[in-house]
Each structure stands twice: as structure tokens, then as C-alpha cells.
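J.: Predicted model and sequence follow; I will ask about them next.
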2 protein chains.
Amino acid sequence: MDSNPDAVIVGAGLAGPLLASMIARRGYRVDLVEGRPDPRSARHDSGRSINLGMSARAIAALREVGLWQEARRLSVPMRGRMVHTAGGRSSFYPYGKDPSQILHSIRRDALVCLLVEHAEKQPGVRLRFGTRCVAVDRDAAAVTMEDGSKLTAGFVVGADGASSLVRTEMQRGLPAGFSREYLEWGYKEITIRARPDGTPAVPLEALHIWPGERGLGVAHPNVDNSLTCTLFLPRDEPPDRASDAFPHLAELVPDLDEQASAAPMGHLTTVRTAPWHHRDTMVLVGDAAHAVYPFYGQGMNASFEDCLALDRMLARHPRDRQAAFAAYERSRKPHTDVLAELSAQNFLELRDGMRSPLRLARKRLDLLLHKAFPGTWVPLYTLVSHTTVPYGEALRRARRQDRVAAALTVTGAGAAVAGLLAVLGRRHGRTSR
Amino acid sequence: MDSNPDAVIVGAGLAGPLLASMIARRGYRVDLVEGRPDPRSARHDSGRSINLGMSARAIAALREVGLWQEARRLSVPMRGRMVHTAGGRSSFYPYGKDPSQILHSIRRDALVCLLVEHAEKQPGVRLRFGTRCVAVDRDAAAVTMEDGSKLTAGFVVGADGASSLVRTEMQRGLPAGFSREYLEWGYKEITIRARPDGTPAVPLEALHIWPGERGLGVAHPNVDNSLTCTLFLPRDEPPDRASDAFPHLAELVPDLDEQASAAPMGHLTTVRTAPWHHRDTMVLVGDAAHAVYPFYGQGMNASFEDCLALDRMLARHPRDRQAAFAAYERSRKPHTDVLAELSAQNFLELRDGMRSPLRLARKRLDLLLHKAFPGTWVPLYTLVSHTTVPYGEALRRARRQDRVAAALTVTGAGAAVAGLLAVLGRRHGRTSR
């Protein structure tokens, strides 16, 4: 190595290359190290990529590095959820009150390649693929690679995912809190291919949901008119045949059982930990700090928001990196803790709520009120997905609304508009971001 | 090695040698491996042993292997708590309604030596000290020692404490839940020496408590008339001088500040995890399965109870070890989860409650009712410490009593006896064990 970098980022998944690009703009020399091969020469081989839905937080972060328009071109808009129920019926629930409130479905590998490509172009960024980091000296900010070589930097960033080695090494022997939970349901990924004439098997611009008997299918559209469908299933007693759990999906996917049998069962995990940093030498971002279940579609969005937050704190404390790391952790962790809760709750919502007329009515009411009072009434889903209001603040606002809405759902919404105006009028104008 | 043992127990702390003795009686050939040297040749060197209070559960387990009378001879009875408050005053709160309800203070190393000595005498038990286990093959039930040698057995027991390597290896890559919390307070251990004339500095047969300003001192008596005192202190901002936090203790221990400065700060951790076993090849006992804070004095008691439970399940399922492990885990984990909660709550109780007249009054009332209705009213502390009622069941009973007692504490106990008889009469006779 000709010179020591300012930072070593371990992990070139999603957060790693984004953060590299961000801090490189501030003049940091960054080495980005990754055990796997360069994704640009090894695409589509992981077999374990729930498609991603880019929403407000990811968009803000990608805009920051000038990548949003390119990312958008690689994605398919999802304008709402399409829920497929008994007898081949389906219902569509728009994501937001206007056409701008949509999600953007993108394949994980396509986004990673875009980010890596961009990072590589930044002056001061060096990419090192196929070199696994096997040890970290937390006080020296040094990482040891599996070939025995050592890399010393100003600081080390752990962007190496839910099973982060950097986190383990950083916290070894220190009084660090840590919890790891696994959902009792796992997942298998299958493909809903386009029809022989090239058209999509279901309307493309939606997130598709198949509530099953002890199963849940969720499909994201791809630019080639196929959809990537994730089958969520109980790990302990998965159905013998996927077509038993998802009869309506089986009509669209003739080889559903074959695809499901061949797919490995993936696990879903929530990781909480603290601290996220060690002195001024180490810091964590993304899943290494806070893995969440995918049911709110916010894992990648939150990871990108981490990068934005860390980058800003480094700029705010140019001479005191420890203060920057501490401020970053303080500002982010309460909100990612809330996200972990929301993501776990949304599993139940998706599993049970999509078949519950009361909950579906509640969703429609939320959206109705949002249209009537766009500045004051914003559903939690909208706050989380279509704004950058911090997760914890979003939850607090939603809870206030919940108290009102619960009453409305039961008593009927019609006559309550006058009362609502009185309740909400005070907070008018505090919502839009 | 001349032959493969039936079981390898990793860890010769407290649970390991006890379990070895228990299952050896059933004809199991057991190798007990431990990285540290034989404690009988290296006593008193850990510097990290909160003294232990043996109570009903430990006593039951030690009786099972015929060691209780010997253990008792190495211990000092503690008949209650002595709380030292402002102005050099102290108050005594007996542990139970009669003289049999006492705890037995013993040095950890003395108990470990007794257990190791006993295990060594059992036919079929081999001890291997100074040989650290560095890897485990969970499916083959094989452990690799740091000298490269390998030991294959019918099954492997992880009795290797809160940072269990066996647990890590058993759960690696599997969807195993795990959480580790650290208390915001740590501890330092000091000695309250006997007076020059050989008499103890405070009455010996009690657990002594010094509630401090942002500190808590707890002392266990030793057979040599000294006491081992544990100073619990906030880790982040410990007092500059221990004598500031514990002025009354400083009167008894002239070199308090010197001792406290020299002592390392220990950490207190709660570990929860699942599963506790893997097929029929691996199982966890003691802190490896459920480390708890020491504030209920139940860590060792619960570990010994694990050994009893596992031993019994092995006897109950002689031809299906996986069923034995599963039954053991199912029967124990709900109760050790409750113990973890109780131990965390008791930290607050000890930290704040010893200075609260209301809470102290509540404790006295509990004991009064216990004396009046020994079969029906049993305080939670008594259920946990002086019975072998499972922890979860103890908590459920205590909650029923709490609802009554809360009312009594506020309204005065006098006139309520008649009402109590009506409330409790129904359950009469269900309590004693």
C-alpha cells in the first residue's frame, strides 16, 4: 500500500459504497474492502436478495451523491399495494394521496453495482474486492485481511451487515448490549415470469401481496416485466407444497412448487446493539448497527439515512471525530429502534391485516383523512415512506392520530369531520417536509 | 485417549462439576474440560467472585450428590439483611419467619473446589484442567482443544459461562435468538477485615447492605470472620473516592479508597438465548444458557437447579436424548426468564428500596402475613430463596398477593385480617413444599 487511507469501510453492500462516495467528496481517502468478488462481474448470483423499494429516505441520500435519476431509471414505480384474495379477486390500495407518493422497486444487485461504479469514480476511493477482513484492532483502527495484509486508517467503518465482524471485534470484551432475534417465519424467493408475449403476469406498477394460509407472498416488479416474489413461510412447519399455501399464486406461476422446493429458506433477523462506535476509531452503519425485518420496506432506506447522518456529523465536527460518531449514534439509534418495532409489527399487519376488513377500512380512512387534511393528517406509513421525518417522531404523531381514528373507525367517519378540524387545527402546518 | 466418553462437559466452574457428579451416578463416562488450571492448586486468584448465598435450590442439588453437609461447613449462615443507614444506624430484616429460612454464604472458590474434588472421585469422570476448548463440531459432538487434540463424545454440555464458546459454536449460522445486556452499574470487590482481636467488624450472620449515594455496598460473611464486600457503582461516572459514596462503610474499612482504586471494575450481564440444545448432541446449563444479575442471589442456585433438571430428564428419557434435552429446555427456560426479570428488578429494589420507608414497611408486612398464614401467604423472596417452587410460579403467586398487600400497605393492615382470611382461605394448603 502506498499510503494509509483516512477511512477503511468494511463491506461493499449498500451502505458501504454510498458512504464512500459521500465522504470522498469531503476529501477523505477511503479504502472499501469486501470479501466477495466485484458485483459487476458476478451479478445475480446471491440468490438472497429481497428486492428493494426505494422511498423518500433512500431518494434523499441518492440525490445527495447525484445518483437518484440513474437509480430511478433502473427501477419500476409501485403506486400502491395490490392484494390478491380468494376467488382470484384483487384490490388496489394506493400508497399515497398523490402520484408522487410511490415506491421504486429495484433489484438489489442493480443498485449495488450502481453505487460501486459511482464510488470507484470518486478521487481517493480505492476498491478492494475478494479480500475478506478477518480481524480488527479497534484502538489502532487497523484491519487484517485474510491474505495476512494489514490496513491501518484513521477510522474503520463497519458496513458489513447483520452478522458484522467489525461489530463483534469492536465490542469484544466491552460491556456492549446486543440482541438478535429471528422471526419464526423465513422466506424463499421465486420469479413470476412475464407472459410469453412479454407482458407482465400481473399489473406491473404495484407491490403484490398474496395473503396465504400460514404464508405470505410479496412480489416486487422488475424492469424486464418479471416480478421477484418472496414467499414468507413458517420455518418450523412450512407447507409441503407452496401451491397449497398460495393457490392463487399457483395459477400465475405454473412451476411454483418446483421453484419453491429448489429455493433455500432464508432467515429474517432483527439486531439491536449499542454502542455503535468506539472512540474516534470505529463506527457502524446499516444492518451492522440495526438489522430490521423487511416488512416496512425500510432496511435499505434506513441504512442510506445512516450514511447521510454520519456524513453530516463528520462535517459538523471536523476536528473531533469522536464527537461526530457520538452525535451520529445519539441522533440515529432511537429512531432505528423504533423502526425495528414498526417492522416487526408490520409483519403481523401484513400477515393478518390484509384479510381483516376492519384494518383495511382503517387504511382507507387514513388515506381519506390524509387527502382532506394533507398538512395535518399523515398516515404512519406515509410518514415513514414518503417523508424523512425521523422514525420516532413519525410514530409519536401516528399515535396521536390513532386515538382519533380508532374512534372514527368504530363510530363511522361521516359526522366527525367537524370534530376533527377542532382536534387537528392546532397542529396545522407542522407536517410537510 | 483410550475411549470416547459419553459426555464432554466444557467448563469446570460451578455447574460443570456438579453435573458431572450427577450423571456419573447414572453410569455416564464424563470428561470435564476446563481452560483454567485446577482450582485446588490456584485458589483465590480470580479476583472476580461475588460470594455466593446458597439457598433452597442449591441445597436441594447439593443434597442430591451428598455434598450439602460439607458445603454447609464451609459456609456462614446469614439470617437476614442488615441495612446500614445514615448516622451509623443499622436495621435488621430477617429472611424468613423461622430460623430455617436462612442463606448460607460461601466463597465461590471454596465451593468450586468441593465440587471438583467430588467429581474426581466419581467412577467414569476424568478431569482435564488447563486445556481450553477452542472449537466444537455440533453435529459430531466433538470438541477441539487448543493443543489441537480432539475429543468426540455422545454429547457436549456447555457449562462455560455467560461468554460461552460452546453456545456460540452451537448456534453459529442457525436462527438462534440471543440477547446480552449490561447493567449501567459495575462492581468492585473489597474486603472488610476482622478486627485486630479476631472478631468480625459487623455482626457476622447477616448480609450487610450499605445504600450509598449512587452506590450500593453488599457484604457476605466469610468463615474467617472477614466479609467480602461488593461495591456496586455507576460504570460511567464512578465516584472519585469510594469513601464519598460509602461514608459509613469507610468507618469500618480504613483503606476503603485504596482497596477500591486497586480493584478492577467488573461488569454485570444478563444473557437470554434459545435454543439451549442442538439435536441430541449439545446442551447448555448455567450462565451459558441464562446469565442473570446477582441481585436476587440466585445465579448459582438456578445453575444447580438446571443440573438437577437435566439429570432428571436424562433419566426420564433413557433412549431419546433429544427428547430429554427438549424437555429440559422447555421446563427450565420460562423460569430462568422470570429470574432474569426478578434479578433486574431487585437491583432497583436494593438501590432505591432500602432507603424507602414505604418499601421497608411493605417487606415487614409481607413477613407478618407470612407468620400469620404460613401456608397461604409466602413473600416472593421466600418463595424464590427458601422453596423450590419454580420461579415463574413463584412470581404468579406473589402477584396475587401483591394486589392484596398494596391495598393493606396504604390502608393499614390491622382491620384487614378478616378480609384476608376470606381471600386466601380458598387457596389454603397449596403452598408448602
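T.: Nice, I can see it. Numbering: from 1, shown residues only, chains lettered A, B, ... in the order given.
J.: In chain A, where is pLDDT below threshold?
T.: Per-residue confidence for chain A (pLDDT under 70) gives these ranges: A:1-2, A:43-49, A:353-355, A:357, A:408-433.
J.: so residue A:384 sits right up against residue A:295, yeah?
T.: No. Applying C-beta atoms under 8 Å, one finds residue A:384 not in contact with residue A:295, separated by 11.6 Å. Heads up, the C-betas are built off the backbone N, CA and C, glycines and all.
J.: And these two? Which one has more around it.
T.: residue A:384 (28 against 22; other C-beta atoms under 10 Å in any protein chain shown).
J.: Please confirm that the more buried one is located within a strand.
T.: No. Residue state for residue A:384 (DSSP: H, G, I helix; E, B strand; the rest coil) corresponds to helix; a strand is not indicated.
J.: measure it to residue A:347 for me?
T.: Here the criterion is C-beta to C-beta, to the nearest Å. By it, residue A:384 lies 15 Å from residue A:347.
J.: who touches residue A:311 in this structure?
T.: Applying C-beta atoms under 8 Å, 6 or more residues apart in numbering or on different chains to residue A:311 gives the contacts A:19, A:22, A:23, A:26, A:64.
J.: Just give me the closest of those residues to chain B.
T.: Top of the list for closeness to chain B, among those and by C-beta to the nearest C-beta, is residue A:19 at 27.3 Å.
J.: mind checking which helix or strand that closest one is in?
T.: Secondary-structure element containing residue A:19, defined by DSSP states H and E: helix A:15-24.
J.: who touches the residue nearest the centre of chain A in this structure?
T.: Here the mean C-alpha position of chain A is nearest to the C-alpha of residue A:299 (C-alpha atoms, centre = their mean), at a distance of 2.1 Å. Contact partners of residue A:299, counting by C-beta under 8 Å, 6+ apart, are A:287, A:291, A:292, A:343.
J.: neighbours of the third one, just the number please.
T.: Taking other C-beta under 10 Å as the criterion, the count of residues near residue A:292 is 26.
J.: do the last one as well
T.: By other C-beta under 10 Å, the residues close to residue A:343 number 24.
J.: what's the spacing between the closest residue to residue A:25 other than its chain neighbours and residue A:64?
T.: With sequence-adjacent residues excluded and distances taken as C-beta to C-beta, 6 or more residues apart in numbering or on different chains, residue A:25 is closest to residue A:122, at 7.0 Å. Counting by C-beta to C-beta, the gap between residue A:122 and residue A:64 amounts to 13 Å.
J.: re earlier: contacting chain B as well, which ones from the contacts of residue A:299?
T.: The subset of the contacts of residue A:299 within reach of chain B, by C-beta under 8 Å from any C-beta of the partner chain, is empty.
J.: any idea which of the residues you listed is closest to residue B:107?
T.: Closest approach between the contacts of residue A:299 and residue B:107, by C-beta to C-beta: residue A:291, at 42.8 Å.
J.: pretty sure that closest one is touching residue A:271, no?
T.: Yes. Applying C-beta under 8 Å, one finds residue A:291 in contact with residue A:271, separated by 4.0 Å.
J.: residues shared between the contacts of these two?
T.: By the contact definition C-beta under 8 Å, 6+ apart, residue A:291 and residue A:271 are jointly contacted by residue A:162.
J.: Between the two, point out the one with more neighbours.
T.: Neighbours per residue (other C-beta under 10 Å) separate residue A:291 from residue A:271, with residue A:291 holding more: 26 against 21.
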